[in-house]
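Undergrad: Here you go, sequence then predicted model.
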Number of protein chains: 2
Amino acid sequence: MFESAELGHAIEKSVYDQEVPALREALLNAQFDLETARRFPVIILIAGLDGAGKSATTNTLNEWMDPRYIQTHGMSEPSDEELERPHMWRFWRQLPPKGRIGIFDGSWYQWPIFERAGGRIKNPKFDQALEEVRRFEQMLIDEGALILKFWMHLSKAAQKKRLRKLESDPLTRWRVTDRDWKHFEKYDTFQEISERALRRTSTASAPWIQVEAVDPRYQKLTVGKTLLEHLRARLDQPAAPPAPVVAVPAELPALDGRTILKALDLTQKLDKADYERELEQVQGRLNLLTRHKAFRDHNVVAVFEGVDAAGKGGAIRRITQAIDARLCAINPVAAPTEEERAQPYLWRFWRNLPRRGRLAIFDRSWYGRVLVERVEGFCTEPDWLRAYGEINDFEEQIVDSGGIVVKFWLSISQEEQLRRFQERQDSPFKRFKITEDDWRNRAKWDAYETAICAMLDRTSTEIAPWTLVESEDKYFGRIKILRTLCQSIEERL
Amino acid sequence: MFESAELGHAIEKSVYDQEVPALREALLNAQFDLETARRFPVIILIAGLDGAGKSATTNTLNEWMDPRYIQTHGMSEPSDEELERPHMWRFWRQLPPKGRIGIFDGSWYQWPIFERAGGRIKNPKFDQALEEVRRFEQMLIDEGALILKFWMHLSKAAQKKRLRKLESDPLTRWRVTDRDWKHFEKYDTFQEISERALRRTSTASAPWIQVEAVDPRYQKLTVGKTLLEHLRARLDQPAAPPAPVVAVPAELPALDGRTILKALDLTQKLDKADYERELEQVQGRLNLLTRHKAFRDHNVVAVFEGVDAAGKGGAIRRITQAIDARLCAINPVAAPTEEERAQPYLWRFWRNLPRRGRLAIFDRSWYGRVLVERVEGFCTEPDWLRAYGEINDFEEQIVDSGGIVVKFWLSISQEEQLRRFQERQDSPFKRFKITEDDWRNRAKWDAYETAICAMLDRTSTEIAPWTLVESEDKYFGRIKILRTLCQSIEERL
């Protein structure tokens, strides 16, 4: 796999000096066009062996282009903040927005490869981690990103020579650590593991590009020219035509009219006295849970979805009343900001994942992708079809890192919604809560019902199940939510 | 995930009787169009719980449509033949050709789910197996297949009732075995495992379709109508337009003109006397290896690629001379037959995989996809770009099942090729070996060299490396091939 990168590629200084000015100019032009069009982000991974000129290459790219529009990330040990989130969180937060270039020196491949090389995981777990990476990259590509993955390669003899040379020069000696030599001793193992990683993640849309790292001029010129070629090719492509509508029916034919939503018993009730007694009791239970010692190893992500006026806000308030406000953040989700629109749609939720010992409540959530965006046509059919899998991956990563994901769908009847809309319009205190949008959504009740049932079927998983909440009676709904939340936490503590 | 399939869906007999005739007619029409157009195959998986009407559904589909054009496969225990190949071999050999429908009652999901349920594998290995399945399905889809995956579901209570009912009727009692009850005891485990499987393999292009199996009328009508909808949607789509050319450069810019092929030392020679002595010795060594007891647990897949007149045939003869002809099959690869063109491109190689204790020699191979098909434009750019990964997956499956994959690239210079072409034309015994095609390929030497180098870089893996053979001197090349072959076998015995 590394054959072409062990041939002793080299470029003479005179050739290099002649080629670089034109390359720099072309790169700057491409970068300007990228920044102007803001159509897609560019993600560059610089990976490979120690001493294989990774940082030198990164520096050169910054030197050749306008560094104001390049974000360079040297990924070393994760911070405390990062250790308390799913391990992809640190990469999500550093993703470049559309129009920008992000260079990752060290990347999402580092962790699986080191774990495997250290013998802490075996091939099945290694493959699992690589598959997670592959899915992540596929999502970025589907969201429009251009990804270039450079693997800097040195033969065993060349690496030894390189480390020796760095060590012998007092100016560069500091760059060679004991760790580097320890890694060198494992060259063959490391090589075998890297080959497996490259083989499994070299896809048609994001192939690995192996670059021989012996001659710095060859290495820099290769990276620069490859970047230019890919960038130019993508910029010169006409803006993607609207994706063709997938003619595949996404749902079962509605044969007998039965749906999960219609099967709910919305007549369930709780009278006020019972409600108040139970509320006090379950709020106390929740408060104790958040102060439990074991709670510090977990975080809670609570999702609230439901038709307009289903009572999400009221239910959320009954939760926050019970918890130390410092431990709990509410994320009301409206239309994305400009910054958020320049990122993959999940980005704004990733950034708001809570640390351990905390709760994050999402008043509407990433499920907007398969609800409002689907129904209103804000995204294409292929986009929302792939979203189910992407969302399941997202939630699995939260759960794997100790998170507790609780998802509530608040259900009311069409008649009850109308009653509440009218009540809101008639009340001076509540009039602000009802807008044109609400009436428009209401008119699409059936289309929403189809989308909701598909969402429940495809994303209610064993690790992050949905809880359907009969909310026709607010008291009943609130108590059910609080109890489910307590129970979900108790199961994990 | 199974919420919608536990609602007690049911269809009244009168409705069913009224709907079925029209559905059957529409299905037969669609099947006729499918058979006439021969544009794509249809693959239907019937999976799910015991007693959930899998075989009844399969029978109904055969009854409703023209069974001559349906291939039904009840996948139970693998045969001896099948156990000696990679475990996907049994599915590859049963794939329906374009224009036909293949129904798999029990499928490639059965093995991973049973292994996981039996506790013989844990989640990482389970995910690895599911990922293999996902890649397999993606390849089928990229090759044009329509895949429908039905999961027949029963709630725990419904399954118990179903098994009891079958048992109480003397006519159906035989269908309920101890194994079924044993599985039932593990209902919850099985459910959790199935959910994981469905979640990880429900993709945008091949989602799982969960069908409630309580009411047979509902079940059959749902499967029939869903099949019709998908089939009709696909048939009515205009033939796919030629895929857009991916503007991404697939190779590194050629900066210094160095390539793996140019780096070979083609002056290496062996004189006739040395050759004959060494040949006898290494052929003897090979013969002993194929009679070694441990050899019975392995098979050998030897691939020969090279430019025209590089000496593949001569080298292959030196191998077959050394081996019991019953153990060794030579597969000369020319243009695919009509039957082969109706299948994914790897199909004709899968069918020729050897049993244990055997050798299969491929004189040209699946690498045609990334060589001649790429250079001559016989397939699109996205097709050959994805082929590298598909080929690596294929070879990994062979190696995982005990196979030894040995791949030789025979290299000669352009001048030597010309000399051999002329010699062939001048010799009455060899004239048949040179055709117009050979001269045409020769004219595209540089394009082939680019394709060859990319192939070597992307498919020379730690599990199935390429051996480059300097074949300017035939004696030298043949001995190198025989030695490498012996060594590769010795390493595994």
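TA: Arrived safely, thanks for sending. Numbers count the residues shown, from 1 in each chain, chains lettered A, B, ... in the order given.

Undergrad: can you list the residues of the stretch 201-350 of chain A near chain B?
TA: A:202-205, A:207, A:209-211, A:218, A:221-222, A:225-226, A:229-230, A:233-234, A:236-237, A:246-250, A:252-253, A:255-256, A:258-260, A:263 (C-beta under 8 Å from any C-beta of the partner chain). Where you see a C-beta, it was placed from the backbone N, CA and C, and this is true even at glycine.

Undergrad: Filter the residues you listed down to the buried ones.
TA: Listed as buried from these are A:202-205, A:207, A:209-211, A:218, A:221-222, A:225-226, A:229-230, A:234, A:248, A:250, A:252, A:255-256, A:258-260; burial here means 16 or more other C-beta atoms under 10 Å in any protein chain shown.

Undergrad: Cross these against strands and list the overlap.
TA: Using DSSP state E, the members of these that fall in strands are A:209-211.

Undergrad: so which strand or helix has the closest residue to chain B within the stretch 251-400 of chain A?
TA: Nearest to chain B, among the residues of the stretch 251-400 of chain A, is A:Leu385, at 3.8 Å (C-beta to the nearest C-beta). Counting by DSSP states H and E, the element that carries A:Leu385 is helix A:381-400.

Undergrad: Next secondary structure after that helix?
TA: strand A:403-411.

Undergrad: For the following helix or strand past that following strand, which helices and strands make contact with it?
TA: On the C-terminal side of strand A:403-411, the closest following helix or strand by DSSP H and E is helix A:414-426. Under the contact definition 3 or more C-beta pairs under 8 Å, 6 or more residues apart in numbering or on different chains; DSSP states H and E, helix A:414-426 sits against helix A:436-443.

Undergrad: which parts of the helix it packs on are buried?
TA: Within helix A:436-443, judged by 16+ other C-beta under 10 Å, the buried ones are A:438, A:441-442.

Undergrad: And for the residue lying closest to A:Trp366 once chain neighbours are set aside, the neighbour number?
TA: Spatially, and ignoring its direct neighbours in sequence, A:Trp366 is nearest to A:Phe349 (4.9 Å; C-beta to C-beta, 6 or more residues apart in numbering or on different chains). The burial count assigned to A:Phe349 is 22, neighbours taken as other C-beta atoms under 10 Å in any protein chain shown.

Undergrad: and after the helix or strand A:Phe349 falls within, which helix or strand comes next?
TA: Take DSSP H and E as the rule and A:Phe349 turns out to sit in helix A:347-350. Using DSSP H and E, the helix or strand that follows helix A:347-350 towards the C-terminus is strand A:359-363.

Undergrad: Test my guess that the residue of the stretch 251-400 of chain A closest to chain B contacts B:Ser202.
TA: No. Assessed by C-beta atoms under 8 Å, A:Leu385 is found out of contact with B:Ser202, at 10.3 Å.

Undergrad: Please name the residues that touch the nearest residue to A:Ile452 once chain neighbours are set aside.
TA: Distance criterion C-beta to C-beta, 6+ apart; nearest residue to A:Ile452, sequence neighbours excluded, is A:Leu261 at 6.4 Å. A:Leu261 makes contact with A:411, A:449, A:452-453, A:468 under the criterion C-beta atoms under 8 Å, 6 or more residues apart in numbering or on different chains.

Undergrad: Model confidence at A:Leu261, what's the number?
TA: A:Leu261 carries a pLDDT value of 92.

Undergrad: What's the separation between it and A:Tyr448?
TA: Using C-beta to C-beta, to the nearest Å, one obtains 10 Å as the distance from A:Leu261 to A:Tyr448.

Undergrad: Give me the packing partners of the host helix or strand of A:Gln31, helices and strands only.
TA: For A:Gln31, the host element (DSSP H and E) is helix A:13-37. Helix A:13-37 sits against helix A:54-64, helix A:216-236, with contacts defined as 3+ C-beta pairs under 8 Å, 6+ apart.

Undergrad: rerun at 6 Å
TA: Packing contacts for helix A:13-37, counted by 3 or more C-beta pairs under 6 Å, 6 or more residues apart in numbering or on different chains; DSSP states H and E, involve helix A:216-236.

Undergrad: following the helix it packs on, which helix or strand comes up?
TA: Going down the chain from helix A:216-236, the next helix or strand is helix A:272-290, by DSSP H and E.

Undergrad: can you list the residues that contact that following helix?
TA: For helix A:272-290, the surrounding residues in contact (C-beta atoms under 6 Å, 6 or more residues apart in numbering or on different chains) are A:322-323, A:327, A:475, A:479, A:482-483, A:486, A:489.

Undergrad: Kindly recompute the last result at 7 Å.
TA: With C-beta atoms under 7 Å, 6 or more residues apart in numbering or on different chains as the test, helix A:272-290 has contacts from A:295, A:318, A:321-324, A:327, A:475, A:479, A:482-483, A:485-486, A:489-490.

Undergrad: to the chain's geometric centre, what's the distance from it?
TA: With C-alpha atoms, centre = their mean, to the nearest Å as the basis, helix A:272-290 stands 35 Å off its chain's centre.
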